[in-house]
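J.: sharing a model that was predicted from the sequence below.
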2 protein chains.
Amino acid sequence: MSTSRPYHHGDLRAELLRSAERTLREKGAGALSLRELARDIGVSHAAPGRHFKDKQSLLDALALDGYERMNQSLAAAGLRAGQSFEERMTALARAYLGFAVDNPELLELMFARKHDPESSAQLAGAVDRSLGSITRLIADAQDQGEIVQGDPERITTVAAASLHGLAALIAGCALDADEVLAGLDEHVHLLLHGLKPR
Amino acid sequence: MSTSRPYHHGDLRAELLRSAERTLREKGAGALSLRELARDIGVSHAAPGRHFKDKQSLLDALALDGYERMNQSLAAAGLRAGQSFEERMTALARAYLGFAVDNPELLELMFARKHDPESSAQLAGAVDRSLGSITRLIADAQDQGEIVQGDPERITTVAAASLHGLAALIAGCALDADEVLAGLDEHVHLLLHGLKPR
DNA sequence: ACAGCATTGTTGGCGATGCCTACATTGGCG
DNA sequence: CGCCAATGTAGGCATCGCCAACAATGCTGT
């Protein structure tokens, strides 16, 4: 072996996150081991400890990165979307559920209830940014008179719960992903028009 | 020590589940250790293995028991409820969210995506029974003309996603439990009447 | 009644993990 | 150019899940 890796890796933290997300996707969060991660990358078993004080700290970083990408996707969907509230909402829903279907384990991590108190603040901020995408949409639509008045936060809760519920049920294998995606337009339609006949 | 426990415990399996749920509630699923469980109860570290082939098997049993209790609560709510669809739906929502608020870690376990293939079937059945409570309600209401026609399964998905989304967001600390409970009536109302103005 | 057997609990051990401490190597800054 | 903070290494400790061999117990058929 000629190419003995330099003593310092260069960007171990990033490669740890990359590799961790890979095994997260392939084998789930429970199967993630810091020592195995280190072995795969080719560093000593204690090296990860220099970049993440904890296993939980790594998981939190993974979750934070997940929110980052998800929020970007949500924002992009908001720009791409059409004019009417229903179109915009459907686009948002499609973006969110697409992310959920592509990253079920990551999503489970993002919404897990055990975070390091230190990471908690950042994660809470990321959640707020996600909900913010919806709240903006809602507030806009209210200004246009497209949806009912009332506290935008409350309406946001209704919409967010509906979308997140779908995502969680898919991630938990209680619903079939393809079926949900196929019926998404109708789902949003029912959400907007209600279950009661008009 | 006079009362040396008899060699056979009598009902170790049940006490394991009881104790496991206790620590689940207090310290979360991740902190659950078979050995510690055995220590707490006062049996040897391998005794739990006689009743659960796996740690996952214990968790699955815990989850199954959770569904059992939840379904019972949902069914009871269905009986107690009033006449109109909105009243019934609100009662169901209150029952479900009450369970979620009281057992957040258990709920997380119930909807976790890693179950033993063997337990999977039983758990899937339990989920179906839960959704069945909603589907029955929906189908009844359709018969009375109280809500829109269409595949009851689809309508169920909309309602279930809405409720489960709230539950998951509460369990994940993204929403405040008390606020959600306080606004539940209005939430259900919006679900039934839609976000669009009438 | 009792012999035999399946059930349930015990003991000991193996490999793996997370985390800690002490030490080694490196790169950057004064 | 020397020193220090950052980064990686080596070893060790307590714990864990799981397994195999063994012991105590209770049930069942005769």
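T.: Received, thanks.

J.: how about low-confidence regions in chain A?
T.: Within chain A, the segments meeting pLDDT under 70 span A:1-5, A:7-8.

J.: contact residues of it facing DNA strand C?
T.: By Cβ under 7 Å from any atom of the strand, the residues of chain A that approach DNA strand C are A:6-8, A:32-36, A:45-46, A:49, A:53-56. For glycine as for every other residue, the C-beta is placed from the backbone atoms N, C-alpha and C.

J.: farthest-separated two in these?
T.: The span of those, defined through Cβ to Cβ, is set by A:6 and A:56 at 29.6 Å.

J.: which one of the two has more residues nearby?
T.: The neighbour comparison of residue A:6 against residue A:56 (other Cβ atoms under 10 Å in any protein chain shown) goes to residue A:56, with 16 against 7.

J.: buried ones in the helix or strand harbouring the more buried one?
T.: Assigned by DSSP states H and E, residue A:56 belongs to helix A:55-80. If you call a residue buried by 16 or more other Cβ atoms under 10 Å in any protein chain shown, then helix A:55-80 has these buried ones: A:55-67, A:70-71, A:73-75, A:77-78.

J.: of the residues of chain A next to DNA strand C, keep whichever come out buried.
T.: So, by 16+ other Cβ under 10 Å, the buried ones in these are A:32, A:33, A:34, A:55, A:56.

J.: all helices for chain A, in order.
T.: A:12-27, A:34-41, A:55-80, A:85-102, A:104-110, A:117-143, A:152-171, A:177-182, A:184-193 (DSSP state H).

J.: DNA strand D: which of these is closest?
T.: Of all these, helix A:12-27 sits nearest to DNA strand D, with 3.6 Å by Cβ to the nearest atom of the strand.

J.: domain ranges for chain A?
T.: Using automatic domain parsing, the domains assigned to chain A come out as A:9-52, A:55-193.

J.: buried deepest among these, which one?
T.: domain A:55-193 (a mean of 19; mean count of other Cβ atoms under 10 Å in any protein chain shown).

J.: hmm, back to that, of all the domains of chain A, which one is nearest chain B?
T.: Minimum separation from chain B across the domains of chain A (Cβ to the nearest Cβ) falls at domain A:55-193, 2.8 Å.

J.: can that closest one be said to contact DNA strand D?
T.: No - against DNA strand D, domain A:55-193 shows no contacts by Cβ under 7 Å from any atom of the strand, the least distance being 13.1 Å.

J.: endpoint to endpoint, that domain covers what distance?
T.: One end of domain A:55-193 to the other measures 45 Å (Cα to Cα, to the nearest Å).

J.: try stretch A:108-126
T.: Stretch A:108-126: ends 15 Å apart by Cα to Cα.

J.: just confirm yes or no for that stretch near chain B.
T.: Yes - using Cβ under 8 Å from any Cβ of the partner chain, stretch A:108-126 reaches chain B at A:108, A:111, A:112, A:113, A:114.

J.: can I get those residues in TSV including distance to residue B:85?
T.: Converted to TSV, these look like this (distance: Cβ to Cβ, whole Å):
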residue	distance to residue B:85
A:108	33
A:111	30
A:112	35
A:113	33
A:114	38
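
J.: show me the contacts for residue A:31.
T.: Contact partners of residue A:31, counting by Cβ atoms under 8 Å, 6 or more residues apart in numbering or on different chains, are residue A:23.

J.: could you rerun that using 10 Å?
T.: Residues in contact with residue A:31, defined by Cβ atoms under 10 Å, 6 or more residues apart in numbering or on different chains, are A:23, A:24, A:105, B:114.
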